[in-house]
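# pasting a predicted model and its sequence here:
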Amino acid sequence: MIPTLAGVHHLKLPVADLARSVEWYRTRLGYEVAVEFHEEGRLMGVGMRHPAGGPVMAFRLDPEKAAAAAGFDYFSIGVPDRDALEALARHLDQLGDEHGEVQFASIGWILPLLHDPDGHEVRFYTVESHTETLESEVRRVENPVESAAEEEARRGPR
């Protein structure tokens, strides 16, 4: 039996400063506070929704775990296509945020190396794909960065 699933309910990250994280995700990505979690009179967590379809994000006040989790890319947020990804990169540039460039990746395009205030890497990956893979097929990718660069060079400019 295969259980019935319905996608990702929400993503949760530990943070050192809730207000700082809320402001960063609001100004960079357009998130809005949807719920606040209080414990013994203290704000300990926040849930945020995205008005244009992004995943629900939750943040839990836990400075030690936030520091331990810094630098790792736990997830990639889906973006419709390369044009939307490039628009996001320009938006982040205008805000002065450092990030990687829009890059040809194994299946679609990726915008890596954006870091939130706690150092979590927030990646964006296109839902649009440049490579078709059958559902029944397991795609093997050797040396993802190098092989994507080689494939992009082979295909030529957009």
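Okay, I see it. Numbers count the residues shown, from 1 in each chain.

# helices of the chain, start to end?
18-29, 63-69, 82-94, 144-155 (DSSP state H).

# wait, which of those helices is closest to residue 124?
Among those, helix 82-94 comes nearest to residue 124, with 6.0 Å by C-beta to C-beta. Quick note: C-beta positions are derived from backbone N, CA and C, even for glycine.

# low pLDDT regions in this structure?
139-141, 144-153, 157-158 (pLDDT under 70).

# the strands in it, which residues?
Assigned strands in the chain, in chain order: 11-15, 32-39, 42-49, 57-61, 76-79, 103-104, 109-115, 121-126 (criterion: DSSP state E).

# so for residue 86, which of those sits nearest?
That would be strand 109-115 among those, by C-beta to C-beta, at 8.4 Å.

# list the buried residues for that closest one?
109-112, 114-115 (16 or more other C-beta atoms under 10 Å).

# ditto for stretch 22-33
22, 24-25, 28-29, 31.

# what's the answer for stretch 42-54, then?
45-50, 54.

# and the contacts of that stretch?
Applying C-beta atoms under 8 Å, 6 or more residues apart in numbering, the contact partners of stretch 42-54 are 10, 18, 21-22, 25-26, 29-38, 56-61, 77.

# quickly compare the helices of the chain and say which is most buried.
helix 18-29 (a mean of 17; mean count of other C-beta atoms under 10 Å).

# distance from the chain centre to that helix, please.
Mean-position distance between helix 18-29 and its chain equals 14 Å (C-alpha atoms, centre = their mean, to the nearest Å).

# including distance to residue 67, could the strands of the chain go into JSON lines?
Shown next, in JSON lines, are the strands of the chain (distance: least, C-beta to C-beta, whole Å):
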{"stretch": "strand 11-15", "distance to residue 67": "9"}
{"stretch": "strand 32-39", "distance to residue 67": "21"}
{"stretch": "strand 42-49", "distance to residue 67": "17"}
{"stretch": "strand 57-61", "distance to residue 67": "13"}
{"stretch": "strand 76-79", "distance to residue 67": "22"}
{"stretch": "strand 103-104", "distance to residue 67": "28"}
{"stretch": "strand 109-115", "distance to residue 67": "13"}
{"stretch": "strand 121-126", "distance to residue 67": "14"}
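
# wait, which of the ones you listed is closest to residue 97?
Taking C-beta to C-beta, strand 109-115 is the member of the strands of the chain nearest to residue 97, at 6.3 Å.

# tell me what that closest one is packed against?
helix 82-94, strand 103-104, strand 121-126 (3 or more C-beta pairs under 8 Å, 6 or more residues apart in numbering; DSSP states H and E).
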